[in-house]
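1. Below is the sequence, then the predicted model.
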Amino acid sequence: MITTLFNSESSYVVVTRKYLSRLVLPYEVLLDSQCYLINDVTIINANGALSFVQSGHFTDDLVLLEIVKATQKKAYSLSGLKKIWFATNDARDIFLDRSYANFDVGKLNCDVVALDQKDICSEVIIIAKPTKVSNKSDFVTEDGILALVYEKLITEPYSIVSLKNDFLRENKVNNVMDYLFGSQSLSVLEFEVQRAFSQQCLDNSLDYGWDAYNVLNSLNEQLSKSVKNDHQFEVWFQKVQALIRFIAAFRGKPLLSS
């Protein structure tokens, strides 16, 4: 029956199928800012979900995600995902036929809304797209921070309690970075170089490719005069320059920068 299509003990959000496959599944988190507004709210109940489906707005490029009952917040864990509703069999098949390197879609509960449950709603439904469209580059910083935290927990598993407390205090990215690096046995030179290079990694996604020579020069520009004049750094810098030139010559490609 139509009245029992959706679960009254669940909440529902609407996102694009593209966003689901490219960002939600790889990162296993759903951002509220990427959910469609249905009559001015992102989280809807079973009745709201039914009205949306029956409104004629449910197209193949959208998915209706059924999640554990929730109130609106900034993000929702993928562990709370109960079911993915598709508008048509074609939309579901296209989604399932794709290969996802970081996620097994076979674990997902996917369903299709029947034809007789659509385009029959007399209620006015106002749909609004997310105002900001995210892409992978928006997650580069978070990825980098998580990688550093993971590395610290692997090498210092006993630090998890103190790490949690410190993260609650250090609510700025720079503070968190300094804390993570400051806990290592690094010299002043090593700390500054590693901190500057890591910041470049956080600010730039490898998806767009890197010009190694530009990266090296940018790193050099960010360092203090005392570090750049340090003999150990000068020797390292010259060796890296030579290595980059050698690789470029070996590949038969000119450097993008000189």
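-> Now that the structure is in, tell me what you want to look at.
2. host element of residue 130?
-> Remark: residue 130 resides in no helix or strand, with elements defined by DSSP states H and E.
3. next one: phi and psi at it?
-> Backbone torsions of residue 130, given as degrees, to the nearest 10, read phi -60, psi 140.
4. Kindly report the domain assignment for this structure.
-> Following automatic domain parsing, the chain resolves into domains at 9-134, 138-251.
5. weakest of these in terms of mean pLDDT?
-> Ranked by mean pLDDT, those bottom out at domain 138-251, with a mean of 77.
6. What are the buried residues along the longest helix along the chain?
-> Across the chain, the longest stretch assigned as helix under DSSP state H is helix 231-251. Buried residues in helix 231-251, counted by 16 or more other C-beta atoms under 10 Å: 233, 237, 240, 244. C-beta coordinates here come from the backbone N, C-alpha and C atoms, glycine included.
7. Wait, the last one touches residue 213, no?
-> Yes - with contact defined as C-beta atoms under 8 Å, residue 244 counts as touching residue 213 (5.5 Å).
8. could the buried residues of helix 231-251 be laid out in CSV, adding distance to residue 94?
-> Listed next are those as CSV, based on distance: C-beta to C-beta, whole Å:
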residue, distance to residue 94
233, 52
237, 50
240, 45
244, 43
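9. which one of those is nearest residue 97?
-> Residue 97 has its nearest neighbour among these in residue 244, at 41.4 Å by C-beta to C-beta.
10. Quick check on residue 128: phi, psi?
-> phi -130, psi 130.
11. Numbering from 45 from now on, please.
-> New numbering, starting at 45: the last item is residue 172.
12. how many other residues sit next to it?
-> 11 (other C-beta atoms under 10 Å).
13. Can you tell me the closest non-neighbouring residue to it?
-> residue 81 (3.9 Å; C-beta to C-beta, 6 or more residues apart in numbering).
14. now that neighbour: how far from residue 169?
-> 11 Å (C-beta to C-beta, to the nearest Å).
15. Repeat that for residue 54.
-> 19 Å.
16. cool, residue 277 as well?
-> Taking C-beta to C-beta, one finds residue 277 at 62 Å from residue 169.
17. ok so, going back, alpha carbons of the longest helix of the chain, in PDB - could you do that?
-> Provided in PDB are the C-alpha atoms of helix 275-295 (Å, rounded to 0.1, in the frame of the first residue of the first chain):
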ATOM      1  CA  HIS A 275      73.200  24.300   5.200                       C
ATOM      2  CA  GLN A 276      71.300  21.000   5.700                       C
ATOM      3  CA  PHE A 277      68.200  22.500   3.900                       C
ATOM      4  CA  GLU A 278      70.300  24.000   1.100                       C
ATOM      5  CA  VAL A 279      71.900  20.600   0.300                       C
ATOM      6  CA  TRP A 280      68.500  18.900   0.400                       C
ATOM      7  CA  PHE A 281      66.900  21.600  -1.800                       C
ATOM      8  CA  GLN A 282      69.700  21.300  -4.400                       C
ATOM      9  CA  LYS A 283      69.400  17.500  -4.500                       C
ATOM     10  CA  VAL A 284      65.600  17.600  -5.000                       C
ATOM     11  CA  GLN A 285      66.100  20.200  -7.800                       C
ATOM     12  CA  ALA A 286      68.600  17.900  -9.500                       C
ATOM     13  CA  LEU A 287      66.200  14.900  -9.100                       C
ATOM     14  CA  ILE A 288      63.300  16.700 -10.600                       C
ATOM     15  CA  ARG A 289      65.400  17.700 -13.600                       C
ATOM     16  CA  PHE A 290      66.700  14.200 -14.000                       C
ATOM     17  CA  ILE A 291      63.200  12.700 -14.000                       C
ATOM     18  CA  ALA A 292      62.000  15.300 -16.500                       C
ATOM     19  CA  ALA A 293      64.900  14.600 -18.800                       C
ATOM     20  CA  PHE A 294      64.400  10.900 -18.500                       C
ATOM     21  CA  ARG A 295      60.700  11.200 -19.500                       C
END
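18. Right, I'll leave it there.
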